[in-house]
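**Q** sequence? don't have it. structure:
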């Protein structure tokens with residue numbers, strides 16, 4: 001609290017009643033603390049004790065050092081004065097409050113409004129000074145002061161007695177005229193002995209004034225308080241200011257907020273997680289039921305701090321200038337207090353409602369980060385670059401572990417239960433597609449997930465997450481996931497009629513031994529992908545270049561084999577259809593086998609052909625026959641699925657990459673939640689309709705896949721995705737946060753032990769001492 005620098009003019013004076021000291025009187029002047037509303041109210045009350053009709057402080061109002069005790073100043077000033085060092089300008093402590101009511105010495109006293117006798121209103125210095133005509137401004141000030149004194153004494157006397165104790169000439173105007181005449185005939189004091197100063201009157205501010213004199217006062221009717229009209233405008237802000245109470249309303253009790261909150265980011269959460277938002281429990285009422293949450297579809301806006309603080313620039317009660325003080329910032333939540341030093345109005349404004357004891361904006365931000373598949377580290381870094389207040393990484397991890405993970409698993413289990421109930425009621429044998437996915441490429445994956453999809457409904461019905469240390473290695477995770485998924489269907493009593501997988505040998509053996517009554521088919525795409533790789537490698541060899549033109553035909557023939565064969569037909573027919581391709585590319589179209597004797601195409605026009613027939617006995621034909629008749633193809637061709645394929649599972653895996661990219665690591669429950677979110681998103685949007693133009697024409701797009709090496713593909717344009725499942729998750733998460741006072745972070749089950757648990761953990765200091773480098777250091 002700095003002293004006032006008057007700039008050499010010395011016109012500021014102390015506003016306390018009976019005191020009008022200036023800086024030239026050897027005192028320090030201190031401005032009113034508008035930035036600390038609580039201290040400002042005490043300063044204002046101190047002045048009101050001696051000046052009942054004072055209008056309140058302005059930015060030019062000051063109090064002198066005579067009204068403060070020595071303890072109100074730092075000890076350094078007392079030390080400097082004790083050693084004789086002069087102190088020209090003092091600064092108060094931040095919590096200093098005036099307590100001493102003083103007046104100027106009698107010889108230097110300035111006329112001050114107070115209760116005194118009318119005959120003592122004129123200063124003795126004026127009556128005894130050398131003859132000099134007083135200034136007109138001085139006469140007006142004196143006359144107004146004396147008239148106010150007379151009215152105050154008259155009202156006080158009437159309250160005690162019915163008789164008027166003041167016997168002048170019969171009226172206040174006559175009495176005032178006598179005093180003015182007396183003052184006009186009285187010479188003013190010599191300039192060297194005394195000086196005339198502007199008296200401090202308890203009157204409203206003048207509308208205009210000259211350099212030294214106040215010429216006109218603004219008056220108002222008795223009992224009417226004029227309030228300055230504040231110009232307001234509507235701005236886009238995601239908050240509602242509290243309504244202004246009527247004049248004379250009682251002050252609002254401001255709850256005390258805990259200013260301590262954690263801002264550091266951690267990479268993991270310990271077993272016992274501390275609630276970063278627990279400090280807000282003190283401002284939550286006991287009967288909070290979430291009704292203050294408002295509309296979930298309410299929009300939020302990005303508001304700058306300066307624009308927000310402008311809303312607290314004026315008191316909503318008396319329209320006087322005030323200052324809003326930021327009480328606390330907690331993530332995206334902010335609390336601002338507004339105190340008026342003029343009318344004692346105060347309020348506390350919060351930018352967000354509460355969900356239980358958690359600010360709604362902070363909680364919804366955590367929900368949006370997880371449910372959208374965003375990465376919290378990138379999101380918080382984006383907020384940091386924007387310099388926008390946001391939740392910390394630690395707060396997100398707490399919300400995720402205690403609220404969001406249980407909600408995601410709960411919603412997924414409800415969807416699973418509904419599917420199982422429908423399957424049991426229908427009594428049908430389900431057709432499943434199964435496939436595994438590792439969280440990282442190669443054979444060093446930590447997590448493996450196995451998905452079972454109902455191919456008839458195109459719906460993900462079961463997810464299994466396996467950690468590599470639960471089995472003998474990462475290559476065994478796919479088989480373990482399949483076993484857990486099959487057991488889940490058996491426990492719910494849902495029979496499996498068909499299951500379509502890839503060419504995984506462990507999966508095929510387990511299904512053959514444990515589910516002999518279930519039809520096991522292989523997806524054609526996986527077989528075709530392996531075949532195409534081998535044909536491309538062969539076409540690059542010497543004397544095998546002619547095979548390149550036949551690769552697409554060979555792959556198309558592989559797809560034709562199962563699709564043209566009925567499920568009840570012999571597997572030998574599929575094999576004869578497949579091996580017939582070796583005769584066809586040599587221009588031989590009959591004599592393929594006992595069940596499939598000739599090609600089903602019609603006569604071929606040699607003038608329209610662009611591919612050359614391969615000749616028998618050549619190198620390319622010999623190696624091609626080895627590929628077509630290989631042991632692997634003999635095992636896979638009879639098992640090719642004639643109807644259902646796992647292409648939908650591959651599409652689901654591409655959605656998983658949006659929620660859980662392989663280049664980032666996640667915890668066990670983090671991976672489980674993101675896999676589940678991908679399943680919820682796929683189930684809602686798996687049957688999207690094809691988009692159409694305004695005229696009703698179906699929309700298509702042409703793409704050029706990299707694997708087709710310049711060839712295009714025509715795709716149907718689908719309608720936009722929907723996110724109704726997010727609304728369900730949001731409602732469930734808010735209900736859990738609102739109803740759960742002490743959340744349990746273990747509601748989602750128990751995670752497997754970490755991979756490094758079986759290893760020896762050295763002391764960190766010893767490991768650092770033993771750290772070596774292969775490179776020489778200077």
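**A** Nice, thanks for sending it over. Being a predicted model, the structure only gives us computed values, none of them experimental. Residues are numbered from 1 along each chain as shown.

**Q** What are the boundaries of the strands in the stretch 501-650 of the chain?
**A** Secondary structure of the stretch 501-650 of the chain by DSSP state E, counting those that start in this stretch: the strands cover 519-522.

**Q** Helices of that one, residue ranges please.
**A** Taking DSSP state H, counting those that start in this stretch as the test, the helices found in the stretch 501-650 of the chain are 505-514, 524-539, 551-563, 571-584, 619-628, 631-636, 647-659.

**Q** ok, which stretches of the stretch 351-500 of the chain are strands?
**A** In the stretch 351-500 of the chain, the strands defined using DSSP E, counting those that start in this stretch lie at 354-355, 358-359, 430-438, 447-454, 459-467, 496-501.

**Q** Dump those strands to CSV, plus mean pLDDT, distance to residue 28 and mean neighbour count.
**A** C-beta: built from backbone N, CA, C; applies to glycine. As requested, those are arranged in CSV below (pLDDT from 0 to 100; distance: least, CB to CB, whole Å; neighbours: other CB atoms under 10 Å):
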stretch, mean pLDDT, distance to residue 28, mean neighbour count
strand 354-355, 92, 46, 24
strand 358-359, 94, 44, 26
strand 430-438, 95, 75, 23
strand 447-454, 96, 71, 24
strand 459-467, 95, 72, 22
strand 496-501, 95, 88, 21
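
**Q** possible to save those as JSON lines with distance to residue 69?
**A** Listed next are the strands of the stretch 351-500 of the chain as JSON lines, based on distance: least, CB to CB, whole Å:
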{"stretch": "strand 354-355", "distance to residue 69": "43"}
{"stretch": "strand 358-359", "distance to residue 69": "43"}
{"stretch": "strand 430-438", "distance to residue 69": "75"}
{"stretch": "strand 447-454", "distance to residue 69": "70"}
{"stretch": "strand 459-467", "distance to residue 69": "70"}
{"stretch": "strand 496-501", "distance to residue 69": "88"}
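
**Q** can you tell me which of the ones you listed comes nearest to residue 297?
**A** Closest to residue 297 of these is strand 354-355 (CB to CB; 15.5 Å).

**Q** for the closest one, packing partners?
**A** For strand 354-355, the packing partners by 3 or more CB pairs under 8 Å, 6 or more residues apart in numbering; DSSP states H and E come out as helix 724-739.

**Q** Check which residues of the helix it packs on are buried.
**A** If you call a residue buried by 16 or more other CB atoms under 10 Å, then helix 724-739 has these buried ones: 725-726, 729-730, 732-734, 736-738.

**Q** for stretch 526-539, same thing?
**A** Across stretch 526-539, burial judged by 16+ other CB under 10 Å covers 526-528, 531-532, 534-535, 538-539.

**Q** Which of the helices and strands in the protein ranks last by mean pLDDT?
**A** Lowest on mean pLDDT, DSSP states H and E among the helices and strands of the chain sits helix 124-127, with a mean of 44.

**Q** for stretch 594-608, how far is the first residue from the last?
**A** With CA to CA, to the nearest Å as the measure, stretch 594-608 spans 31 Å from end to end.

**Q** tally of neighbours for the residue nearest to residue 705 when sequence neighbours are not counted?
**A** Once flanking residues are discounted, residue 705 sits nearest to residue 713: 5.8 Å by CB to CB, 6 or more residues apart in numbering. Residue 713 has 10 neighbours, counted by other CB atoms under 10 Å.

**Q** Now residue 713: phi and psi?
**A** Dihedral angles of residue 713 (phi, psi; degrees, to the nearest 10) stand at phi -140, psi 140.

**Q** OK, contacts around residue 468?
**A** Residue 468 sits next to 445-448, 474, 477, 755 when contact means CB atoms under 8 Å, 6 or more residues apart in numbering.

**Q** By neighbours, which of these wins?
**A** Neighbours here mean other CB under 10 Å. Within the contacts of residue 468, the largest count is held by residue 477, at 27 neighbours.

**Q** Touching, that residue and residue 471? I think so.
**A** Yes. Here residue 477 lies in contact with residue 471, judged by CB atoms under 8 Å, at a distance of 5.8 Å.

**Q** Relative to residue 436, how far out is the residue lying closest to residue 664 once chain neighbours are set aside?
**A** Nearest non-adjacent residue to residue 664, counting by CB to CB, 6+ apart: residue 375, 6.3 Å away. Counting by CB to CB, to the nearest Å, the separation of residue 375 from residue 436 is 24 Å.

**Q** Next: residue 491.
**A** Residue 491 sits 21 Å away from residue 436 when distances are taken as CB to CB.

**Q** mind giving me JSON lines with the contacts of residue 468 and columns for distance to residue 18?
**A** Below are the contacts of residue 468 laid out as JSON lines (distance: CB to CB, whole Å):
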{"residue": "445", "distance to residue 18": "86"}
{"residue": "446", "distance to residue 18": "81"}
{"residue": "447", "distance to residue 18": "81"}
{"residue": "448", "distance to residue 18": "87"}
{"residue": "474", "distance to residue 18": "89"}
{"residue": "477", "distance to residue 18": "89"}
{"residue": "755", "distance to residue 18": "81"}
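
**Q** Flag the shaky bits of this structure, pLDDT-wise.
**A** By pLDDT under 70, the low-scoring segments of the chain are 1-10, 104-296, 742-747, 776-778.

**Q** which residues sit in contact with residue 60?
**A** Residue 60 is in contact with residue 12, counting by CB under 8 Å, 6+ apart.

**Q** quick one: it is in a helix?
**A** No. Assignment of residue 60 by DSSP: H, G, I helix; E, B strand; the rest coil gives coil, placing it outside any helix.

**Q** Give me the phi and psi for it.
**A** Torsion angles at residue 60 (phi, psi; degrees, to the nearest 10) stand at phi -90, psi -10.

**Q** what does residue 333 give?
**A** Backbone torsions of residue 333, given as degrees, to the nearest 10, read phi -90, psi 140.

**Q** next one: residue 59
**A** Backbone dihedrals for residue 59, given as degrees, to the nearest 10, come out at phi -70, psi -20.

**Q** Could you list which residues are in contact with it?
**A** Residue 59 touches 31, 34, counting by CB under 8 Å, 6+ apart.

**Q** need the strands for the stretch 651-778 of the chain, in chain order.
**A** With strands called from DSSP E, counting those that start in this stretch, the stretch 651-778 of the chain shows them at 700-703, 713-716.

**Q** that older thread, my read: the residue nearest to residue 705 touches residue 707, true?
**A** No. Applying CB under 8 Å as the test, residue 713 and residue 707 come out as separate, 10.1 Å apart.

**Q** Name the nearest residue to residue 101, sequence neighbours excluded.
**A** residue 50 (6.1 Å).

**Q** Quick one: neighbours of the one you found, just the number.
**A** Residue 50 has 19 neighbouring residues, counting by other CB under 10 Å.

**Q** where does it sit relative to residue 715, distance-wise?
**A** For residue 50, the distance to residue 715 (CB to CB) stands at 86 Å.

**Q** Need the distance between the two termini of stretch 639-657.
**A** 30 Å.

**Q** and it, which residues are buried?
**A** In stretch 639-657, counting by 16+ other CB under 10 Å, buried: 639-642, 644-646, 648-650, 652-653, 655-656.

**Q** With distance to residue 600 added, can I get those residues in a markdown table?
**A** Listed next are the buried residues of stretch 639-657 as a markdown table, based on distance: CB to CB, whole Å:
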| residue | distance to residue 600 |
| --- | --- |
| 639 | 23 |
| 640 | 18 |
| 641 | 21 |
| 642 | 17 |
| 644 | 24 |
| 645 | 23 |
| 646 | 27 |
| 648 | 30 |
| 649 | 31 |
| 650 | 30 |
| 652 | 35 |
| 653 | 36 |
| 655 | 39 |
| 656 | 41 |
